[in-house]
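Participant: Generate coordinates for the sequence data below:
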Amino acid sequence: QVQVVESGGGLVQPGESLKLSCVVSGFSLDSLAIGWYRQAPGKEREGVSCIASHGSIYYADSVQGRFTISRDNAKNTVELLMDNLKPEDTAVYYCAAREYYCIGVGPQNYDYRGQGTQVTVSS
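Facilitator: Numbering: from 1, shown residues only. Predicted structure coming up:
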C-alpha cells in the first residue's frame, strides 16, 4: 500500500518562501507521478503542480514562475519550493500519487493522497 506524507507547512509573510516535502513509502518512487494540490477554506480543490515518473513537470498558471517541484527517487521524496508567496496561496496543501504519468495538474487524478499540511501567508 502506497503511503504519502506531507510536511513543511507553516506561517510565512507575503514574499517569503516555504518548502514542502512529500515522502512516499510502499512503492518505488521512480514509478510514480507525484502531484500537489491545495484547498482553501470555502473553495474547491485546486491543482498546483505535478512531476511525472520520467521527469516531465506541470504547473498551474497561478503558481508558474513562483513554485518549483523536484524529486529525489533515492530518498523517496518530492519537494515543492514555493517562492514569493501571496496571501491567496493560503490553503491546505496535499501530496498525491498515481502511476507514471501526470494528467495535467487536476486534483482528481490520483490514487493515493496524504493528509495535508497547512500553509498560511499573512502579514
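
Participant: So what sits opposite the nearest residue to residue 48 once chain neighbours are set aside in the bridge?
Facilitator: In space, and not counting its chain neighbours, residue 48 is closest to residue 36: 4.3 Å by CB to CB, 6 or more residues apart in numbering. Backbone N, C-alpha and C define where each C-beta goes, glycine included. When assigned by DSSP bridges, residue 36 has beta-bridge partners residue 49, residue 95.

Participant: for residue 36, what are its contacts?
Facilitator: When contacts are counted by CB atoms under 8 Å, 6 or more residues apart in numbering, residue 36 is found next to 20, 22, 47-50, 69, 80, 93-96.

Participant: Now do the same for it: its pLDDT.
Facilitator: Model confidence at residue 36, expressed as pLDDT, equals 98.

Participant: With residue 50 instead?
Facilitator: Per-residue pLDDT puts residue 50 at 97.
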